[in-house]
Each structure stands twice: as C-alpha cells, then as structure tokens.
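this one's sequence-less:
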C-alpha cells in the first residue's frame, strides 16, 4: 500500500459515505503522549521524594537541573531544526527525571547538566526526536557520564539515617568486593548507599504497579525480568552459594527495579509484540546477572538495557504473528 491515503467509495448506501484507508499503525488509544508522560512522572514521585528524605535537599537540585537542561536542550534543537517545540508534552522532562534518579547523591550540577544535554542531543534528537530513538535517552545520558566522569559517578554518600553498620558504598559493591550482604529490609526502605533511584525499592515498586494498573506499562517486561532474575540468580546461587547472593538480593539491590518498571518498559525502545517483550525482559536479566557476577562493575542494569535496546528491531521482526492465510515458506 502506498503512503498516500486511498479512498474507497461504498456501494448501495443511501448516503455518500467514504472509508479512508491509510498505512499502519491503526491502533488507537485514549492515552496521549502528554498524558502518559505526566502519569509516569507522577509514578516516579515517591522515589524522588525518598531520595530527598534519605540524602537531603541537594538531591532536589539535581532533579531540577536535569529536568531543566533536558527540556531546554530539546527546545533549542527543535528550534534550530525549525520544528515544533514539544517540551510541553513532558517527554524531555521525564527523561531528565529518570536521568537524575540514576545519579549518585551529591552529584555535580554541572555534570548533571552535561549528562542531560547528552541524553536529549545524542539519545533522542540525533535520531529525529520522540518515537525515532533507538536507545533509552536517559540511559544514554547516564552512559555518557559514566564514560566522562567515572570517579564522580561512582562516589556514594551515606544516607541520613545511617547506623554504624551502614556505609556509603552500594549494597552491590559491598557484596561484590567484601562479601557483605545488606539486609532486604534496608533495600526495600532505602536506607542504603546508591543512586537516587535506588533509595527505596518499595517506592519504585509502588509506582510501577500503578503504571501497570492504569495500563501504561505492559506487565510482560517487568514480570519477565523479575522471574528471569529469580531463575538465573537462583542457578548461580546453587552453583556457588558463597560467591553469589540470594536471588532476592539481586531483585532489590541496585537499579534493577527502576530499570524493570521505568527504563526497560519505554514504549519507543522496547518490543511491540507480547512474545518479544518476554524475550527482551529475560535477556536483560541474564545480562545483568552476568555483568554482576563476572564483570568488573558491581552493577549492570544500564548496559543490559542499552544492549537489548539495540536488538529490539530484530526481536520485533522475529516475533511478528503469522498473517492469516500465509503459509510458512510460501505466500498463500
């Protein structure tokens, strides 16, 4: 079918009605881009609030800086390209919020601004804007900061309500390098070191369940990630219980929950088929486990999601449902 719309005149009708046929997609939804972005932003509010509670009001400046520079970068680039400025749809602002939640407490505001510019410039606008990007923009910004400022982005702060046993190191780093296991209760509440989005697994889960309930997030991606993490983490635990923690630790430590509910589920950079979502989520968890167990870094959520973002077109192609009447290897 050509790009131009085709008009088909219906016959035998009392009124001269026309059916307009256009190219796919033909899926309609009550969700507008603006509405979705602001719902997701609302779902992240508990995690953002927890970061301020546990690490102080400076973290609010990090969030505001990331949001401001993401929105400003998008507006400037769209203006230079003589395109409609779409900052009001909330997509660039959400990118800034997500990016800020991947940063350590007390992170430089100047570095935050640079990461925000990279997130929108290299992660989104270089591909043509919203809906055209291959990789999650917030993670692109985080990857840029990881490469440019490796020391600053791995410098952690002790939480405000820390007891003597709580250090500024992240739970994943404590276990990987010192074999110290952080209690699950602290991982759930957030009284641990880590990025702003790691402060409270419970806050992230609450926001994620809300998005699934209102059907913004398809449950297949986070559920496949969680089940796969339990399976792969359990297998490694059975192989070597001394070197590998309980799989529940992998679930609640680090940025896994933020990645499962808010990063991997991005509509643009995740598969569109149900089977594809399950494959995508499972392989993300497998990569996370491999990086955490065998890699030099204690965390692997960012790299795992970005790697699988690159495989999404292939996953979509390989999991498309068979057309009605189509014979495998033939036409009809």
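Thanks, I have the structure now. Being a predicted model, the structure only gives us computed values, none of them experimental. Numbers count the residues shown, from 1 in each chain.

At the geometric centre of the protein, which residue sits there?
Centroid-nearest residue in the chain, with C-alpha atoms, centre = their mean: residue 263, separated by 0.6 Å.

Distance check, that one against residue 177.
25 Å (C-beta to C-beta, to the nearest Å). C-beta coordinates here come from the backbone N, C-alpha and C atoms, glycine included.

Residue 317 too?
41 Å.

Any stretches of the stretch 201-332 of the chain with poor pLDDT?
323-332 (pLDDT under 70).

Can you identify each of the helices in it by residue range?
If DSSP state H, counting those that start in this stretch is used as the criterion, the helices of the stretch 201-332 of the chain fall at 201-213, 220-239, 247-252, 256-258, 274-294, 301-318.

Export those as TSV, with columns for distance to residue 147 and mean neighbour count.
TSV is the format used below for these (distance: least, C-beta to C-beta, whole Å; neighbours: other C-beta atoms under 10 Å):
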stretch	distance to residue 147	mean neighbour count
helix 201-213	26	20
helix 220-239	25	18
helix 247-252	25	20
helix 256-258	20	27
helix 274-294	16	21
helix 301-318	11	18
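
For residue 74, find the nearest of those helices.
helix 301-318 (19.7 Å; C-beta to C-beta).

and the closest one, what other elements does it pack with?
helix 137-148, helix 274-294 (3 or more C-beta pairs under 8 Å, 6 or more residues apart in numbering; DSSP states H and E).

What helices and strands are in contact with the last one?
So the one you mean is helix 274-294. Looks like helix 274-294 contacts helix 220-239, helix 247-252, helix 301-318 (3+ C-beta pairs under 8 Å, 6+ apart).

Nearest to residue 188, out of these?
helix 247-252 (6.1 Å).

Enumerate every residue touching residue 149.
108, 111 (C-beta atoms under 8 Å, 6 or more residues apart in numbering).

switch the cut-off to 7 Å
Each residue near residue 149 by C-beta atoms under 7 Å, 6 or more residues apart in numbering is listed here: residue 111.

Could you number the chain from 14 rather than 1 from now on?
Sure thing, new numbering starts at 14, so read that last one as residue 162.

Let me know the pLDDT of it.
Each residue has a pLDDT score; the one for residue 162 is 96.

so how far is residue 156 from it?
For residue 162, the distance to residue 156 - C-beta to C-beta - is 12 Å.

And stretch 134-146, how far out from the chain middle?
16 Å (C-alpha atoms, centre = their mean, to the nearest Å).

Now that residue 147 has come up, it's in contact with residue 320, right?
No - with contact defined as C-beta atoms under 7 Å, residue 147 does not count as touching residue 320 (11.7 Å).

on that earlier part again, using CSV, lay out the helices and strands packed on helix 314-331 together with distance to residue 67.
Output for these, formatted as CSV (distance: least, C-beta to C-beta, whole Å):
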stretch, distance to residue 67
helix 150-161, 20
helix 287-307, 23
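
quick one on the thing from earlier: tell me which of the helices of the stretch 214-345 of the chain lies nearest to residue 60.
helix 214-226 (4.5 Å).

So which other helices or strands are in contact with that closest one?
helix 46-68, helix 197-202, helix 269-271 (3 or more C-beta pairs under 7 Å, 6 or more residues apart in numbering; DSSP states H and E).
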